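S.K.: Whatever this is, show me its structure:
(one chain, ligands or ions: 2)
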Amino acid sequence: MSITILGIESSCDDTSAAIVKDGYLLSNVTANQQVHEAYGGVVPELASRVHQQHIVPVVDMAIKQAGINRKDISAVAFTRGPGLLGSLLVGTSFAKGFAIGLNIPLIDINHLQGHVLAHFIKEKDHDHAEPNFPFLSLLVSGGHTQLIVVKSHLEMEIIGQSIDDAAGEAFDKCAKMMGLPYPGGPVIDKLAQQGNPDAFTFGIPQIADLDFSFSGLKTSFLYFLRDRIKEDSDFIDKNLPHLCASLQHAIVQILMDKLIKAFKLTGLNEIALAGGVAANSGLRSAVLSAAEKYKWKVYLPKLAFTTDNAAMIAITGYYKYLAGQFASHNIAPVSRFKD
Ligand code: KG4
Ligand code: ZN
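M.R.: Ligands and ions are numbered 1, 2, ... in the order given. This next block holds a predicted model:
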């Protein structure tokens, strides 16, 4: 018998719905929220309201594009957390109503596990290799920076994480300091391609073990800009590509130092990138050159599956369905999971 999962993602500012049938992606529809651009960051209250407007048409479109009937759906998987509580509530309430209406099971998904399992999304006309267990995942997003040993689809161990800001947050906050639009990560990435990564140097933190820190870099960048602007008020405009390239270089260096350390400690040489920052061209090329040096097998997810999407929620739901892991109807979303 076929297993068809409807996945719903609403943890931040993207409303997304996807259909996965027997592990194959049939549709993945995402509505972005432009409303936050004017504020230079996601405004939680606005995000939840826009999710409410988007959720019905997005789910409807995902079902239509998949070419299925809603009666074909075996279970609804939704992001339970971590994320913005108001946003999560919209997806959770919708998923519950949908599951009750069709009398099908509900499956709660940890958003971060979804990012990691994005590597297992199968597409009919697009074959790709999947990582072999156990493997090492570097999850880098706007909210999280983690090194994870992935033992099976549903068994993961966090072996290092950021003690303050996430890598994506560092990109976004520094972009804001330079007057760039939100989200700043992709903008910095693009500008960095015309800049010199060695033009400026910023403080790289010395953090123990496999943990990361980005707040020191952010402060060092802020003070650097403040001092240079005092000397020349057009400093940012004149040096934008160099600033972006140098900042990206520093962020990538922090990530790579710990990734290499984790490889040496665990001996795991299958490396899978996940999360929005995995789209970064500087990080991708640094990982690929380390792969040559250390004989890694690297897995880079398709760009559409690195940033927030419901396909990763649906595929995680598929594996939880196979394992018989369902949620009760009184489950509540959580902004963060206890450590
Ligand atoms: O995984 P994601 O879509 O959402 C969260 O769960 O946070 O990640 C979004 C983050 C943002 O901080 C965004 O600036 C960053 O990913 N990002 C990038 C790039 N594309 C997205 N950062 C650097 N370079 C990129 N090309
Ligand atoms: Zn995410």
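S.K.: any low-confidence regions in the stretch 201-339 of the chain?
M.R.: 339 (pLDDT under 70).
S.K.: what about the longest helix in this protein?
M.R.: helix 235-266 (DSSP state H).
S.K.: what comes into contact with stretch 148-163?
M.R.: Identification of contacts with stretch 148-163 by CB atoms under 8 Å, 6 or more residues apart in numbering yields 113, 116-117, 120, 131, 133-137, 139, 144-147, 207, 209-214, 258, 262, 265-266, 268, 272, 316, 319-320, 323, 325. In this view, the C-beta of every residue, glycine as well, is placed from N, C-alpha and C.
S.K.: gap between that stretch and the chain center?
M.R.: Put simply, stretch 148-163 sits 15 Å off its chain's centre (CA atoms, centre = their mean, to the nearest Å).
S.K.: Counting neighbours, show which residues of it come out buried.
M.R.: Using 16 or more other CB atoms under 10 Å as the test for burial, stretch 148-163 gives Ile148, Val149, Val150, His153, Met156, Ile159, Gly160, Gln161, Ser162.
S.K.: Span of it from start to end?
M.R.: 15 Å (CA to CA, to the nearest Å).
S.K.: what's the neighbour count on the residue of the stretch 201-339 of the chain found nearest ligand 1?
M.R.: With CB to the nearest ligand atom as the measure, Gly276 is the residue of the stretch 201-339 of the chain nearest to ligand 1, at 2.1 Å. By other CB atoms under 10 Å, 26 other residues sit near Gly276.
S.K.: on that earlier part again, tell me if the longest helix of the chain is near ligand 1.
M.R.: No. Taking CB under 6 Å from any ligand atom as the criterion, helix 235-266 and ligand 1 are apart, separated by no less than 7.5 Å.
S.K.: what's the answer for stretch 118-125, then?
M.R.: No. Applying CB under 6 Å from any ligand atom, one finds stretch 118-125 separated from ligand 1 by no less than 9.7 Å.
S.K.: Could you list the residues of the stretch 101-250 of the chain in contact with ligand 1?
M.R.: Ser141, Gly142, Gly143, Gly168, Phe171, Asp172, Pro183, Gly184, Gly185, Pro186, Asp189.
S.K.: Tell me the spatial nearest neighbour of the fifth one, not counting adjacent residues.
M.R.: It stands for Phe171. Excluding its sequence neighbours, the residue lying closest to Phe171 (CB to CB, 6 or more residues apart in numbering) is Gly185, at 3.8 Å.
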